[in-house]
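Trainee: 3D, please:
(chains A, B and C)
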Amino acid sequence: MENELILRTENICKSFNGIQVLKNVNLEIKKGEIHALMGENGAGKSTIIKIITGVYTKDDGEIYIDGQHVQINNRHDAAEAGISVIYQELSLVPELTVTENIFLGHEIMKRGLPDRKEMRRQVQELIDRYGFILQPDTLVATMGMAQRQMTEILKALSTEAKLLIMDEPTTSLSASETEQLFVTMEGLRERGTSILYISHRLEEIYRVTDRLTIMRNGEIVGVVDSKTVEADTVTSMMIGHELEKTGVRVPKINKDHYIEVKDLQLGNLLHGINFKAYGGEILGIGGLVGSGRTELVSCIYGTIKKYKGSITLDGKPISRSVAKNIKAGFGMVPEDRRTAGFFPQLSILRNIAISSYDRLSKGGIVNGKAEIEHTEKAIADYDVRPHMRKLPVQNLSGGNQQKVILARWLSRDVDVLILDEPTVGVDVGVKAELYVYMRKMADKGSIIIMVSSDLAELTEVSDRVLVLHNGTIFQEFRDHKATQQGVLLASSGVTAKEGEVL
Amino acid sequence: MKISQKFIRKLITLGLIVILFAIFAFTAPSFLKLRNIQEILRVAAYTGIICVGSSFVLIGGGIDLSSGGIICFSGIVACRLASIGMPWPVVLLVAVVIGAACGYFNGWLITRFYLNDFITTLATGFVFTGFGLLAILKDESGTLMSQEIKNKGFLLLGKHLNGFYYIVFVWIILTVIAWFILSQTRYGLHTYAMGSNSKSSEMSGVNVRKMKVSTFTICGACCAVAAVFTVAYQTTAYLNLGSGMGFNAVAACVVGGVMLGGGKGDAVGAFLGAIFMTLVNNGMYKYGLDTSWQYVFQGAVILIAIMSDAGFAAFTGRRLRALAEKNNAEEALLEAKAKAKGGNV
Amino acid sequence: MNRKNLFESVWAQRGLIIAVLLLIMLVGNRSFFSLGNLRTILMSISIYGIMCCGMLLAMLTGGIDLAMGSTAAFTSVICLWYYNNHGMKDSAFVIGLILALLAAVAVGILHGVCDAYLMLPSFVVTLATSKLLYGLASAILKGSFIHLTNTEGFFYRIANTKLFGTIPMPIVIFIIVAIIVGLILSFTVFGRRVYAVGANRAASELVGINSRIFRVGCYVVCSLTACIGGIVLTSMNYVTSATTAQGYEMSVMLALVVGGADIMGGYGDVPGAVFGALLAGMVENMIVMLNINTNYSQAVQGVIIVLAVAFNVYNNRKSAGLIKVKKKAG
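Mentor: Down below sits the predicted model:
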């Protein structure tokens, strides 16, 4: 039994700032299997992986590789032990060839020079052994994503990895590329390499993996045979006890105030999108990363201009200019607040007031008093802490940074508010506050569109949920009928019967 | 498909050089004289040796504008040493050590304190010129004095062999060495890797900090070599020695396809770039245009070069994307074939 | 950490630096403190100061203009050349000035378009245009000088009159430009948006700011101040040539970096820039007063730039990461 396992962890525990994120995790991966790891965001998947690969150090517990007890304190230890990770953001150097990339950092040397012939031969051998469609001398810059991924895998194999960890490798792959990757993975399995496969996509789990470990709240809740398990079982294990909906809000929907998207098409990212978002409701948009959610809201807001189809507000076509849309009452809380949300070195005041100078200025001159009043009110209304308008936003906590961005829009009574992953990296207390502000906004009759990967948030906060799958609307959940399980299934392209209790 | 983008880029530069040469040869008076060709080669060698060093820094993703200061400092020291009768190998060695030390200092500052390399080297360039000022010969009152080198052995470095100045040979040798290091050794591979994607390289085990410092050190050493030979040719060193050369070398590299931002270009490109820039200046001079127009043309050439380089990069980028898509399409085709086979069985 | 304390401490540091310099001069050369020398310092920094205000805008939005000196030379040559060839009348000066300003706008647009739209590295572009403009100025004058001989005209009086009989006009112009740019930066929507573009380009696009146009605009302002500086300098020296204001961009950059501006954008303000210009002028004057070979001044500048950049980087890194705000109610 013991020597069938390539990796076994025993009672791994890990806490961050006193919050336990992993509780006695016992992960077991057999030799030559493709083992899936699933769990919602924050379930602890990436933490356990970072511990296995030496990025984090564990607080407690043991790791056994091939039955041998090992100490993994850094990346190097992990590589020594035969563990390799294929990163989501590929770590290849585009200006080098496949061979050069594979041997980068550990070139084979002959008389002080890299032995190109030998390296090329070894790479060719690897390619032949695993049957990849690759040339050793191709420049990485000229390759497609699937080929890059294969190169990355080869790089891992060249260091004699026994266990490959793939963290959502298919997010940026097309359907045919994904299929290729799976064929590759199956080839690896036949040759005895184990793969730990992390994914949100149920269909992939069925397609390629052997066993499945499901995590929830830092614990392993089940290990199942992924060929036979029912989709509902998996999702209910992931979600746990489906929460009773507390105090379902009855939205006062104003049918005369709406945004209508008609036949929207954007390259091969979005096609045939039709829906209406009404004033007074919070419209949730679910789906996996890469399903076109962010692109959809970017089209509405005007940051993406080259789409086909029509988007109208109350029957009138909306502008494709962000500035004009803001004037018309639009607001946007973007997905990544650090790169596109706040202005790190500017004060809270500057960050909040930046969107409202149409009101806070006259003839191009800022009305300083109004600006301060506006900000102070926003800081108080939305409880930004600390209450210091001059503090640079980079010194705030994540939740307060998000509050600042939200306050930027809410303080000017926006009419259409688009939120893209509004609560990533925000602690629970602040999350609840943000939801209250959003509801208040909706009650005032505004149109609110929220993109989210957080299933609880999507089902709890939204009045209606649209789930995107591969660039189309796969399912619509009306009247608070959205369940986490339903949304999760729909995200993977599986329809659950509406209202069915699973 | 076999003809690489790199090769095309070099052909373009080479073609431009040939065209320019032909135009000047037919239209500019006294351009084609042997004496002038020798002079062009000598000046090109001076720029080219600095370019060799600069190309290391540029390929590694940095920029060094302090070359002028390093040339000034090491050149003046070389002049002082030669004047007191030191044999040329000692002079050359000391100068190279000084140049390398200056380069190392640049690299250390930039990597240790996370400074912007452009502004840092711009500033250290002045500092090195200041060191040169400290080192230069002065009378009691502190007035600068020109110093004529009489050291016969040293002055030999500035002479020529059958019309070819020694510096030209040095240039060619250094270019060959640089080509060898960049394209054949692990160090070269890591330089490209660092310039192309420094984070990935670091993850793959390349010591990016050390590499960066070393590229600056090489650049400093090359500058010193150029300085010593030029001092020997001019038989003296002065405070203006090398002024503006930092930027000129970078410009020549860029013209030769060693792009800013790192990971692109090679020693041969830098070689061609140096020839091209020298040719432009010499041709302008031979037309009898005064120096003002030379400046105008230099500025315009650099502007056009970086603009067309950006255009070329955009073009290559599109081509690369198309290639990537094509590669995927090929895969899909193969895949479909494989499936069809499987279906028949 | 209170924002106010931070502000105060920056000025405390600046005060300390000035105090140390003054102390050195107290020991080194007392004549530094004469009223005449004070005026000399102010005159020498007035040109830097005017240019600083423009370059500040460019640096705030993440650009740099190393062609400032050449722009000053080129535009002042245009202005004086036209003036001298059209009867040295005040009306000719006005037209010359307009031509010079138009030329500056064209240069600024060229820089801005290259940086913001073609995404070319700004320092290479501006170094190249610097050569180009230097060459053009020199070509117009065929490599020689052009003198301002009409001592009655307005052109001459720009720099050679004194406000209230005591304050030289260049200083007044510097103060006016500083106040205007300072007011624009602190009290207008334009100023708010300039900072936003410098702090985070992507985020500024999302709040409806066309960041590219702002960057072009800042380069234009930058070239305009170079033009004004060049014309004042010409009036001050009664002469101009292609070498007018040569190397001034270095002093300007030094002043800005010392004043807390960052070439990556988002940091810096007019008071800081004025302090920087003051310091640059003082240091330059001190080198003369202490009988240090003037050739060293550039080396000293280099050292100061490296130190100031390192200090800024340290400060910014500290305020971005090392100082954590404790969550406290109220």
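Trainee: contacts and neighbour counts: CA atoms only from here.
Mentor: OK.
Trainee: At the geometric centre of chain B, which residue do we find?
Mentor: Centroid-nearest residue in chain B, with C-alpha atoms, centre = their mean: residue B:51, separated by 1.2 Å.
Trainee: Could you list which residues are in contact with that residue?
Mentor: Contacts for residue B:51 were tallied using C-alpha atoms under 8 Å, 6 or more residues apart in numbering or on different chains; they are B:249, B:250, B:252, B:253, B:270, B:271, B:274.
Trainee: Now, the residues you listed that are in helices?
Mentor: Using DSSP state H, the members of these that fall in helices are B:249, B:250, B:252, B:253, B:270, B:271, B:274.
Trainee: ok, of these, which one's closest to chain C?
Mentor: Within the set of the ones in helices among the contacts of residue B:51, residue B:250 lies nearest chain C; the separation is 8.9 Å, counting by C-alpha to the nearest C-alpha.
Trainee: May I see the buried residues of stretch B:297-305?
Mentor: Within stretch B:297-305, the residues that qualify as buried by neighbour count (16 or more other C-alpha atoms under 10 Å in any protein chain shown) are B:297, B:298, B:299, B:300, B:301, B:302, B:303, B:305.
Trainee: Could you do stretch C:199-211 as well?
Mentor: Under the neighbour-count criterion of 16+ other C-alpha under 10 Å, stretch C:199-211 has C:199-211 buried.
Trainee: Next: stretch A:138-154.
Mentor: Neighbour counts over stretch A:138-154 (16+ other C-alpha under 10 Å) mark A:139-154 as buried.
Trainee: Over to stretch A:340-352?
Mentor: Of the residues in stretch A:340-352, those buried under the neighbour-count criterion (16+ other C-alpha under 10 Å) are A:340-352.
Trainee: which among these are in contact with chain C?
Mentor: Counting by C-alpha under 8 Å from any C-alpha of the partner chain, A:340, A:341, A:342, A:343, A:344, A:345, A:346, A:350 from the buried residues of stretch A:340-352 sit close to chain C.
Trainee: Could you identify the most distant pair in those residues?
Mentor: Greatest spatial distance in those: A:340 and A:350, 15.3 Å, computed using C-alpha to C-alpha.
Trainee: Could you give the secondary structure assignment for residue C:50?
Mentor: helix (DSSP: H, G, I helix; E, B strand; the rest coil).
Trainee: any idea how far it lies from chain B?
Mentor: Distance, residue C:50 to chain B, using C-alpha to the nearest C-alpha, to the nearest Å: 22 Å.
Trainee: Work out for me the element the nearest residue to that residue once chain neighbours are set aside sits within.
Mentor: Distance criterion C-alpha to C-alpha, 6 or more residues apart in numbering or on different chains; nearest residue to residue C:50, sequence neighbours excluded, is residue C:174 at 5.1 Å. Per DSSP states H and E: residue C:174 is located in helix C:169-187.
Trainee: and if you look at residue A:309?
Mentor: Taking DSSP H and E as the criterion, residue A:309 maps to strand A:308-313.
Trainee: Low-confidence stretches in the stretch 151-300 of chain C?
Mentor: Within the stretch 151-300 of chain C, the stretches falling below the threshold (pLDDT under 70) are C:294.
Trainee: now with 90?
Mentor: In the predicted model, the stretch 151-300 of chain C carries pLDDT under 90 at residues C:151-169, C:171, C:186, C:236-251, C:253-254, C:257-269, C:278-300.
Trainee: can you map out the strands along it?
Mentor: Taking DSSP state E, counting those that start in this stretch to define them, one finds strands in the stretch 151-300 of chain C at C:162-163, C:167-168, C:239-240.
Trainee: Indicate which one of those is closest to residue A:310.
Mentor: Taking C-alpha to C-alpha, strand C:239-240 is the member of these nearest to residue A:310, at 60.2 Å.
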